[in-house]
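Novice: for reference, the sequence and a predicted model appear below.
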Amino acid sequence: MSLGATSDLLAILISAATGLAVLALGWAGAAMIARRDPAWRRLQALSPQQAASQAQPWLGRLRQGLTRLLTRLSTPARPSQGWQQSSLRKRLVQAGYRSPAAVNIFLGCKVLSLLISPLVVALLPAAGLLTGPWLPTALAGAAALGFLLPSLVLDHLGNARRERIGRELPDVLDLMVISVEAGLGLDAAIKRVAEEVSISAPLLNAELTMVSLELGAGIPRPMALKNLASRCGVEEVSSLVSMLNQADRFGVSVGRSLRVHSDSVRTKRRQKMEEKAAKIPLKLLFPVLFMIFPAIMAVMAGPALIRISETILK
């Protein structure tokens, strides 16, 4: 096979891989938008997911094989001391990954991305896309980007999860206020609210269910609430935990404290929405200036410029 045919084949492969990546990102974005719909979550809760998982046992085997591969790859990047691993585990928990193997899988993804990114860049000269003295710099940059990319993705997932928890928190607090004022204790109210918001607020449902399980296992309530704040990583949840602990310590009415905190959370949420709304004109300035304004000027001043140019040429 000639060099030209090889370069054409590599270009076709790279184009196909790029197209598949774009399709995968589009599918993931559409699925993420669909998961925000409460009706979609209700249908998923009513659908027979257990039968579907049993009908495809190869998915479980594939997941186990990938987990073993990533665990082996994580050995060079695994920290020798525990403080880095504990900090990484906290970031993973706040992003929603609580599995004991989450740290090894994440480190394995970093090593795998570190190895694959320079290989992809090394194939570009054969396709005629990257030649010259910039190749070593591109290889080093690809390796650094491949090593940092999983951390960036993890931070993005953590921020998205914290934002979703912040959106779910006001409604959950209202239900908790109603439950406590109806006569339930705080532990029973947490358990009941976790059952009620299983579809409308799935993230806080999982966190409150974990709190109920910890309380049932004998963990003291202040420690269980602190674990909740650590898992969520949201400022409003941390202030809620501090308020509940102080109310329990000083004998203040929990229902009244929850109502005051719920009002403050809704006020902060409204202020954030107003702040985002106030930023809209500034964000629209650059698209209007560089995309819409030139077209308007061309339509309005175009005929006059044509007449002026014809008059000057005569």
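Specialist: In hand now; what should we look at? Numbers count the residues shown, from 1 in each chain.

Novice: from Gly255, how far off is Ile178?
Specialist: Between Ile178 and Gly255 the distance is 9 Å, computed by CB to CB, to the nearest Å. C-beta: built from backbone N, CA, C; applies to glycine.

Novice: so for the two, which sits in the more crowded spot?
Specialist: Counted by other CB atoms under 10 Å, Ile178 and Gly255 do not tie: Gly255 has more neighbours, with 20 against 17.

Novice: which residues touch that one?
Specialist: The contact partners of Gly255, taken as CB atoms under 8 Å, 6 or more residues apart in numbering, are Val177, Val180, Glu181.

Novice: which of those fall within strands?
Specialist: Within the contacts of Gly255, no residue falls in strands by DSSP state E.

Novice: pretty sure Ala142 is touching Pro118, no?
Specialist: Yes - because the distance of 5.0 Å satisfies CB atoms under 8 Å, Ala142 is recorded as touching Pro118.

Novice: make JSON lines out of the contacts of Gly255 and add neighbour count and pLDDT.
Specialist: Compiled in JSON lines, the contacts of Gly255 are given as follows (neighbours: other CB atoms under 10 Å; pLDDT from 0 to 100):
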{"residue": "Val177", "neighbour count": "22", "pLDDT": "90"}
{"residue": "Val180", "neighbour count": "22", "pLDDT": "89"}
{"residue": "Glu181", "neighbour count": "15", "pLDDT": "87"}
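
Novice: and which of those residues is nearest Ile308?
Specialist: Of all the contacts of Gly255, Val177 has the smallest distance to Ile308: 70.6 Å, by CB to CB.

Novice: test my guess that that closest one contacts Val260.
Specialist: No - the pair formed by Val177 and Val260 falls short of the contact definition of CB under 8 Å, at 9.7 Å.

Novice: helices and strands of this protein: which one bottoms out on pLDDT?
Specialist: The element with the least model confidence among the helices and strands of the chain, by mean pLDDT, DSSP states H and E, is helix 49-55, at a mean of 46.

Novice: residue ranges for the helices of the stretch 51-200 of the chain, please.
Specialist: Assigned helices in the stretch 51-200 of the chain, in chain order: 57-73, 82-94, 102-123, 135-181, 186-196 (criterion: DSSP state H, counting those that start in this stretch).

Novice: which one of the ones you listed lies nearest to Gly233?
Specialist: With CB to CB as the measure, helix 82-94 is the member of the helices of the stretch 51-200 of the chain nearest Gly233 (4.1 Å).

Novice: and that closest one, average pLDDT?
Specialist: Confidence over helix 82-94, taken as the mean pLDDT, stands at 75.

Novice: make residue 1 into 28 and carry on from there
Specialist: OK, 28 is where the count begins now, so the last one is helix 109-121.

Novice: can you pull out the helices in the stretch 228-341 of the chain?
Specialist: Secondary structure of the stretch 228-341 of the chain (DSSP H, counting those that start in this stretch): helices located at 229-243, 248-259, 262-277, 281-314, 320-340.

Novice: out of those, flag the one nearest Thr164.
Specialist: Of all the helices of the stretch 228-341 of the chain, helix 281-314 sits nearest to Thr164, with 30.8 Å by CB to CB.

Novice: about what we covered before: just name the closest of the contacts of Gly282 to Leu196, please.
Specialist: For those, the nearest to Leu196 is Val204 (12.3 Å; CB to CB).
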